[in-house]
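1. below are the sequence and a predicted model for it; my questions follow.
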Amino acid sequence: MKKLLKKLNKSIGIRGSLIITRDGVTVEASMEEHLNQDTIAALASTLLKAVSGSRAPQEIGDVTRFTMSSKHGRLIFEIMESLVLVVVTEKNIDLDITMLEIAGLAKRLQRMARISV
Amino acid sequence: MRNAPCISVFGIINAYVIGILELGIISSVVVKRKIAKFKEAIKENPSPTTIGELARFYIQSGDNESAFHLIEASIKDFPDSELINELWNYLSKHKVSGVLRDMLQALDENPRPDHFEAVIGIYHEQNNISAATEYSRRYIHAFPEHAGAYRTMGEMRMERFAEDFAASDGRAAECVLKQAVELDPDDIQASVLLARLYYWCGLISRSRRLLNRVVEREPWHQEAVDLLSACKQQEDQDEDPDLRFSAIEEQRGFINAWPEDMESVSYSFSEKSRSELKDCLDASVEVDGVVHAAFIDANGERIDAGEDNTRFREFVDNLSETARKASLRMDIGSFEKGVVEGVEGGVLVRELTGGGTVAFQLEGRQNTNKTSHTLGTIVEEMIAICGKSNEKASEETE
């Protein structure tokens, strides 16, 4: 999984990525040096709880993606069955292309997770 | 007898080349026609929306230069438009000017402190604080014993601190400026910046100590003299800076303004503004796919539209508060927008410049992107209302 994250991180505009479980436990992470991996992992877990599960309005169904845009960066949560892929990007990237890469990686990770179980 | 088809390879290549050329010519004609159409729309109705559409078309066609000039001219007419400002920020970053290109090349070939400072200075002028901060980081990495590297980073962090009031920016600014002063006590500018930071945070005795040292060495340093005089009028306070940075993040404002004409934002909405915001929300639930809409001001007071839905309201309250805090703590600046996509619908949350959060719940997954584009115009209007309301409130308090 780490190899896949490192490969993703080579894409333009991506500053780091991590995989957490639906409960918010970090499985794997790979970030630029100056980013505090532990802080981001902990906060990603808090955000995941804020957007999914029993808190989300029932009418929207199961939450599959959350994108958070801030002044100097973006966080993308790709929410799968048992895992969540969290990607930290620069603010102004071509989101369409990046999303394709992220979605593709998410599917691969979920398949890996099913096989290992 | 059937004649075999006579296929010439040259003919195929020729046809292919002509086809490509024709395609090029045709697409060029199509592009020109589209541009003419967009320009006509702007002439009939000059607005951020019509201008934004042409700018986006230029960008998609790979012509960032034309898009940049268009937005540069428009920003004077629509300085408060979120769309125009967003496009301006994007194009400032992606339009690499000749000077910047030369400096980046010079830096690449020969990474010297003055080259770093020139590149950072240009990005700073373009208001591209992210890029300026990134190059400041590289400057420190390349020259870890050079006070200028830390001073430059300190300046960038102070800019961010003044925008977002994030404790992480305050802490980072203090850390690097202290490092700059330690490495070079003769770096007067680093001392003055640090003194300014402390003054913002009400840490008067720390500020005064630095300024006394500066004024001893350079009694003609105008800012140091003026700031020292301002310190004398303040109560002598001292506290752990860390606690003070956290308090500033919590209250979203500095204790003291410096320079004295530094804008301070006061968030308040008149009855008239509330009524206008309610009209915008009511219009939003008329948009196909929008089920609920809500506006929450900086004091937690709300305006709702659509069917009453407690769960939606609680979700938005919790999400915007969590995202706001998380964003600052992750050191990616203040939270601006969140999009939650579910299998059967979505929620859009948007922080408005001017103090407030607006949120919409959408039904039908395919609607999220399309509808958010339509809602963009309504959000622009709400931003303008918030801006006018805060201007009035500031005038009244002056």
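-> Sure, I can see it. Computed from a predicted structure; not experimentally measured.

2. B:Q189 is in contact with B:G148, correct?
-> No. Look at B:G148 against B:Q189 with CB atoms under 8 Å: they stay out of range, at 9.2 Å. To be clear about C-beta, it is placed using only N, CA and C from the backbone, and glycine gets the same treatment.

3. how about B:N318: what's its closest non-neighbour residue?
-> The shortest distance from B:N318 to any non-neighbouring residue, by CB to CB, 6 or more residues apart in numbering or on different chains, is to A:A50 (5.6 Å).

4. local confidence estimate at B:R274?
-> At B:R274, the predicted lDDT confidence score is 84.

5. again, but for B:Q179
-> For B:Q179, pLDDT reads 96.

6. residues from chain A in reach of chain B?
-> A:34-36, A:39-40, A:43, A:46-47, A:50-51, A:55-75, A:88, A:90-92 (CB under 8 Å from any CB of the partner chain).

7. any low-confidence regions in the chain?
-> All of this refers to chain A. A:12, A:92-97, A:115-117 (pLDDT under 70).

8. nope, chain B please
-> B:1-29, B:60-62, B:93-98, B:237-238, B:260-268, B:354-355, B:365-370, B:372-373, B:387-398.

9. how about A:S69, phi and psi?
-> Dihedral pair for A:S69: phi -110, psi 130, per degrees, to the nearest 10.

10. swap in the one 4 residues further on?
-> Per-residue torsions, A:G73: phi 180, psi 180 (degrees, to the nearest 10).

11. got a list of what it touches?
-> Shown in contact with A:G73 (CB atoms under 8 Å, 6 or more residues apart in numbering or on different chains): A:R15, A:V88, A:T89, A:E90, A:K91, B:S130, B:M330, B:I332, B:G333.

12. columns distance to B:A293 on top of those residues, output as CSV?
-> Listed next are these as CSV, based on distance: CB to CB, whole Å:
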residue, distance to B:A293
A:R15, 33
A:V88, 30
A:T89, 28
A:E90, 30
A:K91, 26
B:S130, 31
B:M330, 28
B:I332, 27
B:G333, 26
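
13. which member of these is positioned nearest B:A294?
-> B:G333 (24.2 Å; CB to CB).

14. still on that earlier bit, can you redo the contacts of A:G73 as JSON lines with secondary structure and neighbour count?
-> Output for the contacts of A:G73, formatted as JSON lines (DSSP: H, G, I helix; E, B strand; the rest coil; neighbours: other CB atoms under 10 Å in any protein chain shown):
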{"residue": "A:R15", "secondary structure": "strand", "neighbour count": "18"}
{"residue": "A:V88", "secondary structure": "strand", "neighbour count": "22"}
{"residue": "A:T89", "secondary structure": "strand", "neighbour count": "23"}
{"residue": "A:E90", "secondary structure": "coil", "neighbour count": "18"}
{"residue": "A:K91", "secondary structure": "coil", "neighbour count": "19"}
{"residue": "B:S130", "secondary structure": "helix", "neighbour count": "21"}
{"residue": "B:M330", "secondary structure": "coil", "neighbour count": "25"}
{"residue": "B:I332", "secondary structure": "coil", "neighbour count": "28"}
{"residue": "B:G333", "secondary structure": "coil", "neighbour count": "22"}
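
15. next, the buried residues of the longest helix seen in chain A.
-> Assignment by DSSP state H gives helix A:95-116 as the longest helix of chain A. In terms of neighbour count (16 or more other CB atoms under 10 Å in any protein chain shown), helix A:95-116 has its buried residues at A:T98, A:M99, A:I102, A:L105, A:A106, A:L109, A:Q110, A:A113.

16. reformat those as a markdown table; add distance to B:I120.
-> As requested, the buried residues of helix A:95-116 are exported to a markdown table (distance: CB to CB, whole Å):
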| residue | distance to B:I120 |
| --- | --- |
| A:T98 | 27 |
| A:M99 | 31 |
| A:I102 | 31 |
| A:L105 | 34 |
| A:A106 | 36 |
| A:L109 | 38 |
| A:Q110 | 42 |
| A:A113 | 43 |
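
17. ok, those vs chain B, which is closest?
-> A:M99 (10.9 Å; CB to the nearest CB).

18. which residues touch that closest one?
-> A:I76.

19. ok, now B:A132?
-> Contacts of B:A132 (CB under 8 Å, 6+ apart): B:I120, B:Y123, B:H124, B:M156.

20. secondary structure class for it?
-> Here B:A132 is helix, with the state taken from DSSP: H, G, I helix; E, B strand; the rest coil.

21. any figure for the gap between it and B:E363?
-> Going from B:A132 to B:E363 by CB to CB, to the nearest Å gives 42 Å.

22. with B:A326 instead?
-> In terms of CB to CB, B:A326 sits 27 Å off from B:E363.

23. so what's the residue nearest to B:N318 up against?
-> Contacts of A:A50 (CB under 8 Å, 6+ apart): B:N318, B:L319, B:T322, B:A323.

24. for B:G306, same thing?
-> B:G306 neighbours (CB under 8 Å, 6+ apart): B:V285, B:V290, B:V291, B:H292, B:A293, B:Q361.

25. top of the residues you listed by neighbour count?
-> B:Q361 (27 neighbours; other CB atoms under 10 Å in any protein chain shown).

26. around chain A, pick out the residues from the stretch 151-300 of chain B.
-> Checking the stretch 151-300 of chain B against chain A by CB under 8 Å from any CB, the hits are B:R160, B:E163, B:D164, B:V291.

27. just the buried residues out of these, in PyMOL syntax.
-> Filtering these down to the buried ones (16+ other CB under 10 Å) takes a single PyMOL command:
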select buried, chain B and resi 160+164+291
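
28. ranges for the strands of chain A?
-> A:14-21, A:26-31, A:63-70, A:73-79, A:83-89 (DSSP state E).

29. residues making contact with the third one?
-> Put plainly, it is strand A:63-70. So strand A:63-70 is contacted by A:47-48, A:51-52, A:56, A:74-79, A:91, A:95, B:323, B:326-327, B:330, B:332-343 (CB under 8 Å, 6+ apart).

30. repeat that for 7 Å
-> Residues from elsewhere that reach strand A:63-70 (CB atoms under 7 Å, 6 or more residues apart in numbering or on different chains): A:47, A:51-52, A:56, A:74-79, B:323, B:327, B:332-343.

31. name the nearest residue to A:I76, sequence neighbours excluded.
-> Per CB to CB, 6+ apart, closest to A:I76 is A:V87, 4.6 Å.

32. I'd like to know which of the contacts of B:A132 are part of helices.
-> Of the contacts of B:A132, the ones assigned to helices by DSSP H are B:I120, B:Y123, B:H124, B:M156.

33. which residue comes closest to the last one once chain neighbours are left out?
-> This points to B:M156. That would be B:T133: by CB to CB, 6+ apart, it lies 4.5 Å from B:M156.

34. hmm, B:M158 and that neighbour touching each other?
-> No. Judged on CB atoms under 7 Å, B:T133 makes no contact with B:M158 at a distance of 11.1 Å.

35. quick one: residues contacting B:E235.
-> B:I204.

36. kindly confirm my reading that it is in a strand.
-> No. B:E235 sits outside any strand when classified using three-state DSSP, being coil.

37. about what we covered before: pull the most distant pair out of the ones in helices among the contacts of B:A132.
-> Across the ones in helices among the contacts of B:A132 (CB to CB), the longest gap, 9.1 Å, separates B:Y123 and B:M156.
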